[in-house]
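**Q** Please work out how this folds:
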Amino acid sequence: MAVELTNQEGISSHNASPDKAPLLPLHERPSSKLSNSSNETTLPTSTRKQAAQLLFGAGGIYASFLYYGSLQEDVFRYTAGDGNKFTHAWFLQVLESLANVVFGVLALIFIGLTGSGEKIGWWGGTPNLPKKPFLSSGLSQVCSKGFTSLALANGLSFPVATLAKSGKMAPVMIGSLILGGASYSLRDYIQVLAIVGGTAILSMGKKKSSEDDDSSPLGIFFILLALIMDGITGGVQKKLLSDLKRVNITPQPYDLMTYTNAFMMVFALIISAVTAEFSQGLHYCKVNPAVFHLIWKFSVCSAIGQSFIFYTLARFDPLVCSTVTTTRKIFSVVLSILLKGHNVSMQGWMGLGLAIGGILSEVSDKVTGGSKKVKSKTNI
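**A** This next block holds a predicted model:
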């Protein structure tokens, strides 16, 4: 059974193409002694090309999402002349999803026009792809993103929210333990406790002069809801791919990007209309064009970042992409603290170090094959 990884930016890292090999450790690479003369001359070129592709993909992910995180924080810290802050989270999700849909559609049109893969005329999307399976995936993902934005809008600081989201394994573990479907090693528990505990210590270690109120009950409530939705999203994405596999359809990455974000946009639009956030958000942006400038750049960065994720997934093992997106969050947190004026006490820095240690341990565990220690107790 193939293992599916849900990367840190919310995109399902399903099976990579068998002809797209991951970067292997040196001890696992083919010995040059066993290669013929032609292979010996082509191996260095192939390795250099692979390294260049990884540098391009990982560099794009880092650049896009580091700026994305900075813009997201700026949006929710923006204060208008009358003292009002931007709090329209669902309106923001409409615009972000729209940008991703536009990029996805353009990519599928380009694939169709260039004749890459199966296509019908100018459209490069997978033929006869059912859309219904994307509905639940779009709903769970937009709720996760929306709740994260609501946490920021209700006083939770960006560093704390980002670290908390890195602990998404916690609700997955709790759910699996309650349902009796999995067992975990001591290291797994320690990693989750380090991330959760370190995040809590950082939250309590903010100095009183900080503008953010990390103890905001609503902020904490919404980030917990976001974590729950992250746990649900993993299962929903697996079911989506399983449902498509049953009808012998394998969607390409930009199918996933386009249709998932299309449903995300629809749900965000409905929620923002019901709560009157859409009209309020439009009015706020009209009165404060500076925040709209931040929002459209934030949305474009999201779309470009997801495109780089798909580029990386198409050429390397999903674990490579998962490692890049996970470590990116560490840099986002550190840069936010250093550049956005967060006043962190020594206790807070200790908490940050503990959380980062847990995250790096989790990455190391996956790279060395430690993730295989989770054993299912049921026959699937």
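
**Q** Mind pulling up the pLDDT for the closest residue to Gly81 other than its chain neighbours?
**A** Excluding the flanking residues, the one nearest Gly81 by C-beta to C-beta, 6 or more residues apart in numbering is Asn288, at 7.9 Å. For every residue, glycine as well, the C-beta is placed using N, CA and C. Turning to Asn288, the model gives it a pLDDT of 94.

**Q** For Asn288, the count of nearby residues, please.
**A** 18 (other C-beta atoms under 10 Å).

**Q** quick one: it from Leu352, how far?
**A** Using C-beta to C-beta, to the nearest Å, we find Asn288 at a distance of 32 Å from Leu352.

**Q** again with Ser307
**A** Distance from Ser307 to Leu352, by C-beta to C-beta: 31 Å.

**Q** Please apply the same query to Gly104.
**A** Taking C-beta to C-beta, one finds Gly104 at 35 Å from Leu352.

**Q** Might you report the residue contacts of the nearest residue to Ile271 once chain neighbours are set aside?
**A** Counting by C-beta to C-beta, 6+ apart, Ile271 lies nearest to Trp90, which is 4.7 Å off, once chain neighbours are set aside. Shown in contact with Trp90 (C-beta atoms under 8 Å, 6 or more residues apart in numbering): 146, 268, 271-272, 275, 277-278.

**Q** Can you verify Lys131 is assigned to a helix?
**A** No - assigned with DSSP: H, G, I helix; E, B strand; the rest coil, Lys131 falls outside any helix and is coil.

**Q** which non-adjacent residue is nearest it?
**A** Using C-beta to C-beta, 6+ apart, the nearest residue to Lys131 is Tyr259, at 5.9 Å.

**Q** quick revisit: the helix or strand hosting the residue nearest to Ile271: which residues count as buried?
**A** Assigned by DSSP states H and E, Trp90 belongs to helix 89-114. Neighbour counts over helix 89-114 (16 or more other C-beta atoms under 10 Å) mark 89-101, 103-105, 107-109, 111-112 as buried.

**Q** what's the distance between Tyr254 and Thr233?
**A** 19 Å.

**Q** For the two, work out which one has more neighbours and name it.
**A** When Tyr254 is set against Thr233 and neighbours are counted by other C-beta under 10 Å, the residue ahead is Tyr254, at 24 against 21.

**Q** Leaving out chain neighbours, which residue sits closest to the more buried one?
**A** Ala107 (4.4 Å).

**Q** returning to what we had before: which ones among the contacts of Trp90 map onto helices?
**A** Within the contacts of Trp90, residues falling in helices by DSSP state H are 146, 268, 271-272, 277-278.

**Q** Which one (most neighbours) among those?
**A** Ranking the ones in helices among the contacts of Trp90 using other C-beta under 10 Å puts Ala268 first, with 29 neighbours.

**Q** OK, contacts around that residue?
**A** Contacts of Ala268 by C-beta under 8 Å, 6+ apart are 90-91, 93-94, 97, 142, 146.

**Q** mind listing the strands for the stretch 101-250 of the chain?
**A** 182-183 (DSSP state E, counting those that start in this stretch).

**Q** any weak-confidence spans in it?
**A** 113-121, 172, 174-182, 205-215 (pLDDT under 70).

**Q** how does it look with 50?
**A** Across the stretch 101-250 of the chain, residues meeting the criterion (pLDDT under 50) sit at 209-212.

**Q** just the angle between the biggest helix by length in the chain and helix 89-114, please?
**A** When the chain is parsed with DSSP H, its longest helix is helix 37-77. If you take axes from the mean of the first three to the mean of the last three C-alpha atoms, to 10 degrees, helix 37-77 sits at 150 degrees to helix 89-114.

**Q** Now do helix 37-77: which elements does it pack against?
**A** helix 133-153, helix 158-166, helix 289-315, helix 318-339 (3 or more C-beta pairs under 8 Å, 6 or more residues apart in numbering; DSSP states H and E).

**Q** Swap in 6 Å and give it another go.
**A** helix 289-315, helix 318-339 (3 or more C-beta pairs under 6 Å, 6 or more residues apart in numbering; DSSP states H and E).

**Q** Make TSV from these and add mean neighbour count and distance to Phe65 to it.
**A** Shown next, in TSV, are these (neighbours: other C-beta atoms under 10 Å; distance: least, C-beta to C-beta, whole Å):
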stretch	mean neighbour count	distance to Phe65
helix 289-315	20	5
helix 318-339	20	5
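
**Q** looking at those helices, which has the lowest confidence?
**A** helix 318-339 (a mean of 82).

**Q** Just give me the neighbour total for Gly59.
**A** Neighbours around Gly59, by other C-beta under 10 Å: 12.

**Q** residues contacting Lys329?
**A** Applying C-beta atoms under 6 Å, 6 or more residues apart in numbering to Lys329 gives the contacts 162, 166.

**Q** gap between it and Leu108?
**A** 29 Å.

**Q** what do you get for Ser242?
**A** Taking C-beta to C-beta, one finds Ser242 at 23 Å from Leu108.

**Q** re the thing from before, so what's the gap between the helix holding Trp90 and the chain middle?
**A** Mean-position distance between helix 89-114 and its chain equals 16 Å (C-alpha atoms, centre = their mean, to the nearest Å).

**Q** Also stretch 330-337?
**A** 16 Å.
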